[in-house]
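Enquirer: below are the sequence and a predicted model; questions follow.
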Amino acid sequence: MKILRTPDDRFRNLPGYEFAPHYFDLKTAELRSGVQDEGLRLHYVDEGPSAGTPILMLHGEPSWSFLYRKMIPVFVKAGFRAVAPDLVGFGKSDKPSEPDDYSYAKHVAWITQWLEAINLRHATLVCQDWGSLIGLRVAMENQDRFDRIVVANGFLPTARQSVPFAFHAWRAFAAYSPLFPIG
């Protein structure tokens, strides 16, 4: 797996984003049998008291933990521990270079591995967009770690309901549009 890493200087002087970086080295070899992947790094923000009740914020696409820059100080001021990872491929986290290196299952495994390593307990999950698709599955498979869930702009598909037209339109736009104005 070829891994791309955005240079740290690309993140200097971002307004409202003066958080100390934290990194976790994912053990990706466990996720792909027979392939030794080394050095895949997940970035996360971890602010507030370590003994505070954690609030885990999972972003969607095409965002990263910068999305939560205004919420993190509010949670910290209220005495919570504010934790916000950058999903692999986003923000300060490493970016595997090949599309085949990404899958829903891998994102779930990467976040689960990190969640277990930092040992979050009694967390409130705040998730949106793809963060909800990943986070809701992680929460379901790790129910002992979560006390509350807040979902914004997201859902957990069960294959028992139809997907709204807006989702199909967004998927087609993201896949085929030559312009992608994320601003």
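Expert: Thanks, I have the structure now. Numbering: from 1, shown residues only.
Enquirer: measure stretch 10-19 end to end?
Expert: End-to-end distance of stretch 10-19 (C-alpha to C-alpha, to the nearest Å): 15 Å.
Enquirer: what's that stretch in contact with?
Expert: Defining contact as C-beta atoms under 8 Å, 6 or more residues apart in numbering, one finds that stretch 10-19 is touched by 45, 47, 65-66, 69-70, 72, 92. Placement of C-beta: from N, CA and C, glycine included.
Enquirer: next: stretch 118-126.
Expert: The contact list for stretch 118-126, computed with C-beta under 8 Å, 6+ apart, reads 24, 44, 46, 53-58, 68, 71, 83, 135-136, 138-139, 144-150, 152.
Enquirer: try it again with 7 Å
Expert: 53-57, 83, 135, 139, 145-150 (C-beta atoms under 7 Å, 6 or more residues apart in numbering).
Enquirer: so of those residues, which ones are in strands?
Expert: Counted as lying in strands by DSSP state E, out of the contacts of stretch 118-126, are 54-57, 83, 146-150.
Enquirer: mark which of those residues are buried, thanks.
Expert: 54-57, 83, 146, 149 (16 or more other C-beta atoms under 10 Å).
Enquirer: kindly reformat these as CSV containing pLDDT and distance to residue 176.
Expert: What follows is these, written out as CSV (pLDDT from 0 to 100; distance: C-beta to C-beta, whole Å):
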residue, pLDDT, distance to residue 176
54, 98, 39
55, 98, 36
56, 98, 33
57, 98, 30
83, 98, 35
146, 98, 37
149, 97, 33
